[in-house]
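Engineer: Please find the sequence and the predicted model below.
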Amino acid sequence: MSTARFPFWPLAGYQFFYFAFIGIFSPYFPLYLDAVGWGAGAIAALMVVMQAARIVAPTLWSLWAGNRYERMRQVVRWAPLAAVGGFSLFYFSHDVQAALVAVGIVAFFWSGALPLVEALTLAHLGRAVRRYPLIRLWGSVGFIVAVVGVGVWLEIMPLPTVRDWILLVLVLLTLLGWTLPLPSDPPASTTLQHANWRWWRAPAVRWFLGAVCLMSVAHGALYTFFSLHLTLIGYSKVTIGILWALGVIAEIGLFLILPRLTQQWGVAWPFVVTFAVATLRFLLIGWLAESLVWVVVAQLMHAVTFALYHGCAVQLVNGWFGARAPALGQALYSSLSFGLGGMIGSALAGIVWTHGGPGWTFTASSVAALGGFVAAWRSVRTATPFVRANGPME
C-alpha cells in the first residue's frame, strides 16, 4: 500500500455517511411514518423489505461486478444516486404500496454498494489489510453523530424534516462515490476468480458463513427490543440513549486498537471468542437488566461482539476470497449475516417476545450465539493452517 496515494478520506467518508443513513433511518423514520398515519403492520412490512433487499442486493451486484474494479466503482458511483431517486418518492406520496416500492429501490441500491466499497478498500490496502478497522471505525462515528445530532434536531424541529436529513446523507454518499480512485494493482485473472467459487463450498467457509448468520440472528432481539426491554423496567429515554451511545463508543475504541490486536493474535481465534462473549452478553441483558451496572457491562461488550467480530470477519473473508473474488466474498458475508441473519433474528425475537417475554427472548439470542460459537470453532479448526495461524494475509 502506498500511503501517499491511499484514498483514506474518501473511503472513510463513505463509511461515515453509509452508516449515518442507518443512524437516521432506523430510529427516526418509523416515527415519521407513525406520525403520518401508518400502522405498526405497515411499518414492520417496510423494515422487512429493507432486510429482504439486504439479502439479495449485495450478491447480485457482486456477481455483476465480478473482480473488475471499474465495475465496482461504477456501482459505488451510481447506486446511491438511484437511492436518492427512490427516496424522493416520499416527498410525493405516503401511500403504503408506493412507499414499499420506494424503500425497495433505496435498499436495493444502498445496501448493494457497501460490499463493493469493502472490496475496493481491501484492494487499496493490499498487504496492509490489518489497517481496515481504522477506516471502518468512521462508519461507527457516522452512526453515533447521526443518531445524536438528528435526535437533538428533532427536539426543536418538526418530524417531517427527518426526510431532508436522509436525502442529504444519500446525496453526500453519491458525491463521495465519485471521488474513489481505482486500486493501482490489477485484479486477479478470471480463471482464479472462478477457482474461488470452490472456496465457499469448503467446510471452513461454510462453517464461517453459518457462524456469521447466527451472530446476526443473536443480535435480532438487541436491535428490535433492547430499548423496549429497558423502558418496561423503568429506564428513562435519556438513559437508554446514553446506553446505546456507550456501546458505539466502546466499538469505536476497539476499532482504534484492533490493528495492533490482530497483529499479535491474528483474526481466527479472536473471531471465535466474540461468540462466547455474545453468549454471555445476551444472558446479562435478558436476566440482569434491572441492574444498571450489568447493563453497562453488557453494552461495553458491544466492542467485542461487533467491532472485534466484524473486523475479524472481514479480514477472514478477504483471506479466503482475496483479490480473486473480493466482491463476491464480502457480498456473501453481508447477505447471509446482516441480511438473512438479521431478518431471521428479528422475526424470531418477535415470536419469543410475544410468548415468553424479555428474559427468554434474550436467552434465545444467547443460544443462537452459542450455536455460532460452535460453527466458528469448527471453521477455524478446519481452515488452512496458514489462515488459522496468521489470518488473511495473502
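Structural biologist: Okay, I see it.
Engineer: Report the buried residues of the strand or helix carrying V141.
Structural biologist: Element membership of V141 [criterion: DSSP states H and E] is helix 132-156. By 16 or more other Cβ atoms under 10 Å, the buried positions in helix 132-156 come out as 132-144, 146-147, 150, 154. Backbone N, C-alpha and C define where each C-beta goes, glycine included.
Engineer: Now do that helix: which elements does it pack against?
Structural biologist: If contacts are counted by 3 or more Cβ pairs under 8 Å, 6 or more residues apart in numbering; DSSP states H and E, helix 132-156 sits against helix 8-35, helix 96-125, helix 162-177, helix 237-265, helix 309-321.
Engineer: by how many degrees do it and helix 162-177 diverge?
Structural biologist: Helix 132-156 runs at 150 degrees relative to helix 162-177, counting by axes from the mean of the first three to the mean of the last three Cα atoms, to 10 degrees.
Engineer: which residues are contacting helix 132-156?
Structural biologist: The contact list for helix 132-156 (Cβ atoms under 8 Å, 6 or more residues apart in numbering) reads 8, 11-13, 15-24, 27-28, 121-122, 125, 161-162, 165, 169, 241, 244-245, 248-249, 251-252, 255-256, 258-259, 307, 310-311, 314-315.
Engineer: One more pass at 6 Å, please.
Structural biologist: With Cβ atoms under 6 Å, 6 or more residues apart in numbering as the test, helix 132-156 has contacts from 11-12, 15-17, 19-20, 23-24, 28, 121, 165, 248, 251-252, 255, 258, 311.
Engineer: Serialize the helices and strands packed on helix 132-156 to TSV and add fields for mean neighbour count, distance to T354 and mean pLDDT.
Structural biologist: Below are the helices and strands packed on helix 132-156 laid out as TSV (neighbours: other Cβ atoms under 10 Å; distance: least, Cβ to Cβ, whole Å; pLDDT from 0 to 100):
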stretch	mean neighbour count	distance to T354	mean pLDDT
helix 8-35	20	19	89
helix 96-125	23	24	88
helix 162-177	20	29	95
helix 237-265	17	22	90
helix 309-321	25	28	87
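Engineer: Tabulate the ones you listed in TSV, adding columns for distance to W64.
Structural biologist: Converted to TSV, the helices and strands packed on helix 132-156 look like this (distance: least, Cβ to Cβ, whole Å):
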stretch	distance to W64
helix 8-35	20
helix 96-125	9
helix 162-177	16
helix 237-265	30
helix 309-321	16
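Engineer: out of these, nearest to M47?
Structural biologist: For the helices and strands packed on helix 132-156, the distance to M47 is smallest for helix 8-35, at 7.6 Å, taking Cβ to Cβ.
Engineer: Look up phi and psi at the residue most central in space within the chain.
Structural biologist: When Cα atoms, centre = their mean is applied to the chain, the residue found nearest the centroid is F338 (5.8 Å). Dihedral pair for F338: phi -70, psi -30, per degrees, to the nearest 10.
Engineer: can you check the one 5 residues further on too?
Structural biologist: For M343, the backbone dihedrals are phi -70, psi -40 (criterion: degrees, to the nearest 10).
Engineer: so which strand or helix has the nearest residue to it once chain neighbours are set aside?
Structural biologist: Computed as Cβ to Cβ, 6 or more residues apart in numbering, the closest residue to M343 that is not its neighbour in sequence is Q51, at 4.0 Å. Using DSSP H and E, Q51 sits within helix 40-65.
Engineer: which other residues reach stretch 346-357?
Structural biologist: With Cβ under 6 Å, 6+ apart, stretch 346-357 has contacts from G220, A221, T224, F225, W360, T361, A364.
Engineer: how about the nearest residue to G359, chain neighbours excluded?
Structural biologist: G286 (4.7 Å).
Engineer: how close does that neighbour sit to V212?
Structural biologist: According to Cβ to Cβ, to the nearest Å, G286 and V212 sit 22 Å apart.
Engineer: The two: which has the busier surroundings?
Structural biologist: Between G286 and V212, counting by other Cβ atoms under 10 Å, V212 is the more crowded of the two (28 against 21).
Engineer: quick check: mean pLDDT across stretch 274-288?
Structural biologist: Mean pLDDT, stretch 274-288: 98.
Engineer: buried sites along that stretch?
Structural biologist: Neighbour counts using 16+ other Cβ under 10 Å place 274-286 of stretch 274-288 among the buried residues.
Engineer: how about JSON lines for these, with distance to V352 added?
Structural biologist: Shown next, in JSON lines, are the buried residues of stretch 274-288 (distance: Cβ to Cβ, whole Å):
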{"residue": "T274", "distance to V352": "23"}
{"residue": "F275", "distance to V352": "20"}
{"residue": "A276", "distance to V352": "22"}
{"residue": "V277", "distance to V352": "21"}
{"residue": "A278", "distance to V352": "17"}
{"residue": "T279", "distance to V352": "16"}
{"residue": "L280", "distance to V352": "19"}
{"residue": "R281", "distance to V352": "17"}
{"residue": "F282", "distance to V352": "12"}
{"residue": "L283", "distance to V352": "14"}
{"residue": "L284", "distance to V352": "17"}
{"residue": "I285", "distance to V352": "14"}
{"residue": "G286", "distance to V352": "10"}
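Engineer: Near G37, how many residues? Count them for me, please.
Structural biologist: If you count neighbours by other Cβ under 10 Å, G37 ends up with 9.
Engineer: Assign a three-state SS to it, would you?
Structural biologist: Following DSSP: H, G, I helix; E, B strand; the rest coil, we place G37 in the coil state.
Engineer: The protein - how does it break down into domains?
Structural biologist: Following automatic domain parsing, the chain resolves into domains at 1-187, 196-394.
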